[in-house]
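Visitor: fold the following and give me the result.
(one chain, ligands or ions: 1)
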Amino acid sequence: MNDFSIMKTEKLTMRFGSVVAVDGVDFSIREGELRCLIGPNGAGKSTFFKLLTGQLVPSSGTVRFKKRPISGRSVAEIANAGIGIKTQVPSVFDKLSVAAGIELAAARKLPSELAKKRTEEVLERVGITALAKSHVGELAHGQRQLVELAMVVAPAPDLILLDEPAAGMTGSEVEHIGELIVELARSSAVVVVEHDMEFIQRIAQSVTVFNQGAILTEGPVEKVLADPRVQDVYLGKAAA
Ligand SMILES: Nc1ncnc2c1ncn2[C@@H]1O[C@H](COP(=O)(O)OP(=O)(O)OP(=O)(O)O)[C@@H](O)[C@H]1O
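Guide: You can find the predicted model right below:
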């Protein structure tokens, strides 16, 4: 059978002492797909995300990007391989202007003349051209999130991994970043870890539900959210 996956994990496992946070997970995402990872608190989503991005090295199992194993590589190496990563840890430089930060990110992949041009395109695409000359350090939280997203997009990654991109944003900012993510998914595969169900329903095409370190189910968003097993794990946690 043809394998169109851009990223794939095989029996991916992460143990912290006696806790098995991620337990033998087989996951794959195809080119051009937008996938949300959801699940109750403690289900293993963040740990799984950190295994994909190189923030953690798996206890066992493999992560492949375009069929090549990447597990055990650093975040920088994984980013250089063509994966755009937005973690919850701010990665923007406060002292730089917005345009300079984005240009620096673009220059990881492009020669300097092209990085400048790419910066203008990305500022426009993310809707932050008006902020180009502002210092990153003086921006509000939501604006910083957009700048970080712009930096992730700047080197034109084939796959984008986003950890709670809408966290701490206001209603209209959430709407804006949701539209942007859907638009980004037209040119890259995108994986989003997110808690906000409303946001997920707004952006997701397909979702993967984690529970107790394993994949409980995955598929189209409406079908998965209507699955009684999914409702049970959420209600179980809410009642706990
Ligand atoms: N560094 C760590 N050391 C020990 N245990 C950890 C560590 N990180 C996560 N865990 C444990 O692994 C399990 C999965 O946690 P994880 O944070 O991945 O879940 P999650 O689905 O992202 O939860 P949340 O939605 O609350 O962020 C939990 O039992 C958690 O306590």
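
Visitor: enumerate the residues of the chain near the ligand.
Guide: 16, 19, 21, 39, 41, 42, 43, 44, 45, 46, 47, 210 (C-beta under 6 Å from any ligand atom). Heads up, the C-betas are built off the backbone N, CA and C, glycines and all.

Visitor: among those, name the buried ones.
Guide: Buried members of the residues of the chain next to the ligand, counted by 16 or more other C-beta atoms under 10 Å: 21, 39, 42, 43, 44, 45, 46, 47, 210.

Visitor: which among the residues you listed gets closest to residue 192?
Guide: The shortest approach to residue 192 among those belongs to residue 45, at 10.4 Å (C-beta to C-beta).

Visitor: and that closest one, what does it touch?
Guide: Taking C-beta atoms under 8 Å, 6 or more residues apart in numbering, we find residue 45 in contact with 37, 38, 39, 193, 210.

Visitor: hey, where'd the strands end up in the protein?
Guide: For the chain, the strands defined by DSSP state E occupy 5-16, 19-30, 34-38, 60-65, 68-69, 83-86, 159-163, 189-193, 206-211, 214-220.

Visitor: low-confidence ranges in the protein?
Guide: Judged against pLDDT under 70, the low-scoring parts of the chain cover residues 1-2, 90-92, 235-240.

Visitor: could I get the full set of helices for it?
Guide: Assigned by DSSP state H, the helices in the chain fall at 45-53, 75-80, 98-106, 112-126, 141-153, 171-184, 197-203, 221-225, 228-239.

Visitor: among the strands of the chain, which comes closest to residue 143?
Guide: strand 83-86 (14.6 Å).

Visitor: packing partners for the closest one?
Guide: Judged by 3 or more C-beta pairs under 8 Å, 6 or more residues apart in numbering; DSSP states H and E, strand 83-86 is in contact with helix 75-80, helix 141-153, strand 159-163.

Visitor: what lines up beside the shortest one in the sheet?
Guide: Under the criterion DSSP bridges, strand 159-163 sits next to strand 83-86 (parallel), strand 189-193 (parallel) in its sheet.
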